[in-house]
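[1] got a predicted structure plus its sequence, pasted below:
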Amino acid sequence: MTDSKYFTTTKKGEIFELKAELNSDKKEKKKEAVKKVIASMTVGKDVSALFPDVVNCMQTDNLELKKLVYLYLMNYAKSQPDMAIMAVNTFVKDCEDPNPLIRALAVRTMGCIRVDKITEYLCEPLRKCLKDEDPYVRKTAAVCVAKLHDINAQLVEDQGFLDTLKDLISDSNPMVVANAVAALSEIAESHPSSNLLDLNPQSINKLLTALNECTEWGQIFILDCLANYTPKDDREAQSICERVTPRLSHANSAVVLSAVKVLMKFMEMLSKDLDYYGTLLKKLAPPLVTLLSAEPELQYVALRNINLIVQKRPEILKHEMKVFFVKYNDPIYVKLEKLDIMIRLASQANIAQVLAELKEYATEVDVDFVRKAVRAIGRCAIKVEQSAERCVSTLLDLIQTKVNYVVQEAIVVIKDIFRKYPNKYESVIATLCENLDSLDEPEARAAMIWIVGEYAERIDNADELLESFLEGFHDESTQVQLQLLTGIVKLFLKKPTETQELVQQVLSLATQDSDNPDLRDRGYIYWRLLSTDPVAAKEVVLAEKPLISEETDLIEPTLLDELICYIGTLASVYHKPPSAFVEGGRGVVHKSLPPRTASSESAESPETAPAGAPPGEQPDVIPAQGDLLGDLLNLDLGPPVSSPPLTTSSVQMGAVDLLGGGLDSLMGDEPEGIGGTNFVAPPTAAVPASLGAPIGSGLSDLFDLTSGVGTLSGSYVAPKAVWLPAMKAKGLEISGTFTRQVGSISMDLQLTNKALQVMTDFAIQFNRNSFGLAPAAPLQVHAPLSPNQTVEISLPLSTVGSVMKMEPLNNLQVAVKNNIDVFYFSTLYPLHILFVEDGKMDRQMFLATWKDIPNENEAQFQIRDCPLNAEAATSKLQSSNIFTVAKRNVEGQDMLYQSLKLTNGIWVLAELRVQPGNPSCTDLELSLKCRAPEVSQHVYQAYETILKN
């Protein structure tokens, strides 16, 4: 008889009976009783009263009975913590049992009992199990460390379990390796800043060796871990890809997707000219196609991932169009996803096939699917120009079917086709107008109105058609009302004599009779335009429209790169980064694809890139935090080595032209005004720069600066603050500030010994930071620091250290070592210590650069209660290397145009408004423009600090 009998009893008052049975001398009776207790617990009855009796049953050799008792313990230990301590001795004993299954069972159960009182007793047994001779026990203990870390992270770190886990990565058994990786990954996820999985080529080699031999879930953990590694060059990337490729033929779809993720990520580092790159592309297609023969739910997940892969590398599946053709019995969610991928793969080579298929779909019975199919035909027309004519005739055939929703979708997409190919297919307008009465959806009505307004001169009865829409103006949706207003104004500008009444009527409906602010605003703008300057109205309303782009629903490139790093997870199904849907503070790290290595790029380095290269092709000004993981715990606190020549792309920043290059060509254009004035810049070739080029009239009053402005008196130095209190550093108190004097930066430290023992052997090191700050010399404390003694030291700093974007940007993490211990603290450095002495920009360069930096990069700030005039402000700022390029007076306000340059070559341009003659207004207005907008907030803080001190 099966164990189901334990769930059928409905007796009352059975607790007492169970108690008696649990204390029986007969083993069989005990086992039966424990089964009954577990059954009652499973169906939700409270059997916690039996806790001591069940715990007594732990002393047994029977593995089945032991499992049942442990199951009971896990459930009730939290509500009975004092009782649970009774079980500790048995756990400790079981951890030394000769049977490895029992040892593993004990350590697994200990990890699941989330009671603080018990955890400290578990450390010794766990330490033994981590070094057990049986791999089954070791792999179970590895997972237990992650569970224990979740309960008490500090305890795990103090007991050195993390180091033991790291050692297990080199274990001889592949399952132990996989579980160690899983546990470390789990811990690292909750502590993103820690560098637990410190991967290097040797550890990667061990993981790849284990990959071939462990279970499918072990393989997934190892592949996910590999995906977080960045190879040092393309040869290492290729070697890893070669060893991961066999996983593509695995039966488990999760293993396949994890392997695809690793390959997609490392392909970024391979040169497209390599033979291996082409081979890898060919190998990636079959496993993805195979995933589509699974059940519908798995197909959907695979399709969502394929959608991302196709956007990143369409060449992988370009010959596999047929597998995305819809089957009659596919669920709707699979059909819609396949349709989307078909359009992404559509090209001149396969468009005939795709169109025939889409035309077939448009006659299906599923309304949502038909609508999407009709839209798809339009998207194909826009994407593949050669097919546009066929697509339009297909759409016309569909309109002739007179099926209402087909007609409406067709009109919406034909409007987009008109936008993409103006003056090409307008002959179909007559057919569209015949179906005007059947349109009842806002999007279709709006599209039709746009077509009538846009081509009013070709439609004889355009006024009648638009008037028919006007009758129910207030019942229409906002989208239709706005389109109707614009359509009738277009019609009036094309046929003014016949449509005067119509335009008056629509303007009155849109302004006086409407309470929609968007509609009223547009109505009033048109009204004023038409009444004051009809010629301007014509230029605005009938302006030539830009052609629409091919793919309007592509995922934005940086988000796509991040999602590629999450293939095979929920993020790849939602097409959103984890930060958008994961709640809570279990720090979500932003991932990104590795940069292409030097050998996989063309030979051009950033310095030799063509001057006119668009800004989008420049390297990141500051590498993102996800690129590099720094950890102070790995610091080697020896004396700093003299700076080696830097080769990493992330640090070669000073040499990059951050202004986008090609400024000379800009000078010939007419730059937009700064602060509302249009400046006319002369052509650069006209006069040699050294002679001072004659400046056009717009500039003559702007740049009327006197030549001598203030002398260099050293930048502002903040008073020393306590960075590390004595109570946190075993009696060592550290105070400090930062200074910049004549081009050199230093950290001025004050060390005080508040302990009872002498301190010696001082050393200091910084973590990687946003601007590469690093000690330029060892920390020199010449004599031992006696109790109650204070010493002041100036530590010179360089800016050629490793770079990592910090949060906030000016955060500096410091480790100080002495004969007692290593101490860590973090502090914020003021950005003005990084303002360099050659930060004064040439006037013409300033103008061109201001125009060249996009407007969305401009930030506005107010500096309150700062009663300075322009001269005083200029002098203060110049002493901190913020240089005034130009000054002018507009309506009683002094406008200072200023430039500064950071140590890593980032330029920041500023406009500072001062109101000198107005004692009641002491606020200054500051506008900042910069290619790296994340710097602006900190530059503003520097301005405020300098001006107010």
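    Yep, that arrived.
[2] pLDDT weak spots in the stretch 101-250 of the chain?
    192-195 (pLDDT under 70).
[3] can you show me the helices along it?
    All helices of the stretch 101-250 of the chain, identified by DSSP state H, counting those that start in this stretch, fall at 116-130, 135-151, 153-158, 161-168, 174-190, 201-211, 216-227, 234-244.
[4] again, but for the stretch 651-800 of the chain
    663-667, 697-700.
[5] got the phi/psi numbers for Ile548?
    Dihedral angles of Ile548 (phi, psi; degrees, to the nearest 10) stand at phi -80, psi 150.
[6] thought it was touching Lys415?
    No. The criterion here is Cβ atoms under 8 Å, and Ile548 misses it with Lys415 at 10.0 Å. Heads up, the C-betas are built off the backbone N, CA and C, glycines and all.
[7] of the two, which one has the most company?
    Lys415 (20 against 12; other Cβ atoms under 10 Å).
[8] hey, C-alpha coordinates of the helix or strand containing that one in CSV?
    If you go by DSSP states H and E, Lys415 is part of helix 404-420. Only the C-alpha atoms of helix 404-420 are listed here, as CSV (Å, rounded to 0.1, in the frame of the first residue of the first chain):
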residue,chain,number,x,y,z
ASN,A,404,-13.2,46.0,-41.8
TYR,A,405,-10.2,45.5,-39.5
VAL,A,406,-8.0,44.5,-42.5
VAL,A,407,-8.9,47.7,-44.3
GLN,A,408,-8.1,49.8,-41.3
GLU,A,409,-4.7,48.2,-40.6
ALA,A,410,-3.8,48.6,-44.4
ILE,A,411,-4.6,52.3,-44.3
VAL,A,412,-2.4,52.8,-41.2
VAL,A,413,0.6,51.1,-42.9
ILE,A,414,0.0,52.8,-46.3
LYS,A,415,0.4,56.2,-44.5
ASP,A,416,3.9,55.0,-43.4
ILE,A,417,4.7,53.9,-46.9
PHE,A,418,3.8,57.4,-48.2
ARG,A,419,6.1,58.8,-45.6
LYS,A,420,9.0,56.5,-46.7
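[9] run through the neighbouring helices and strands of that helix.
    Packing contacts for helix 404-420, counted by 3 or more Cβ pairs under 8 Å, 6 or more residues apart in numbering; DSSP states H and E, involve helix 367-383, helix 388-400, helix 442-454.
[10] residues in contact with the closest residue to Thr209 other than its chain neighbours?
    The shortest distance from Thr209 to any non-neighbouring residue, by Cβ to Cβ, 6 or more residues apart in numbering, is to Pro174 (7.7 Å). Counting by Cβ atoms under 8 Å, 6 or more residues apart in numbering, Pro174 touches 209-214, 218.
[11] of those residues, buried ones?
    210-211, 214, 218 (16 or more other Cβ atoms under 10 Å).
[12] next, the angle from the helix or strand hosting Val535 to helix 442-454.
    Using DSSP H and E, Val535 sits in helix 534-541. With axes from the mean of the first three to the mean of the last three Cα atoms, to 10 degrees applied, the angle from helix 534-541 to helix 442-454 works out at 140 degrees.
[13] any idea of the mean pLDDT in helix 534-541?
    Helix 534-541 shows an average pLDDT of 86 in the prediction.
[14] out of the contacts of Pro174, the closest to Ala580 would be?
    Gly218 (29.8 Å; Cβ to Cβ).
[15] what's the distance between that closest one and Ala210?
    8 Å (Cβ to Cβ, to the nearest Å).
[16] what do you get for Ser826?
    From Ser826 over to Ala210 (counting by Cβ to Cβ), the distance is 37 Å.
[17] ok, now Gln512?
    76 Å.
[18] ok, Phe766 next?
    36 Å.
[19] just Glu457 next, same as before
    73 Å.
[20] which secondary structure elements does the helix or strand hosting Lys338 contact?
    Secondary structure from DSSP H and E places Lys338 in helix 332-345. In this structure, helix 332-345 packs against helix 296-312, helix 351-361, helix 367-383, with contacts taken as 3+ Cβ pairs under 8 Å, 6+ apart.
[21] buried stuff in that helix?
    Quick answer for helix 332-345 (16+ other Cβ under 10 Å): 334-345.
[22] count of neighbours near the residue nearest to Val717 when sequence neighbours are not counted?
    Excluding its sequence neighbours, the residue lying closest to Val717 (Cβ to Cβ, 6+ apart) is Thr739, at 4.8 Å. Look at Thr739: counted by other Cβ under 10 Å, it has 18 neighbours.
[23] fine by me, we can end here.
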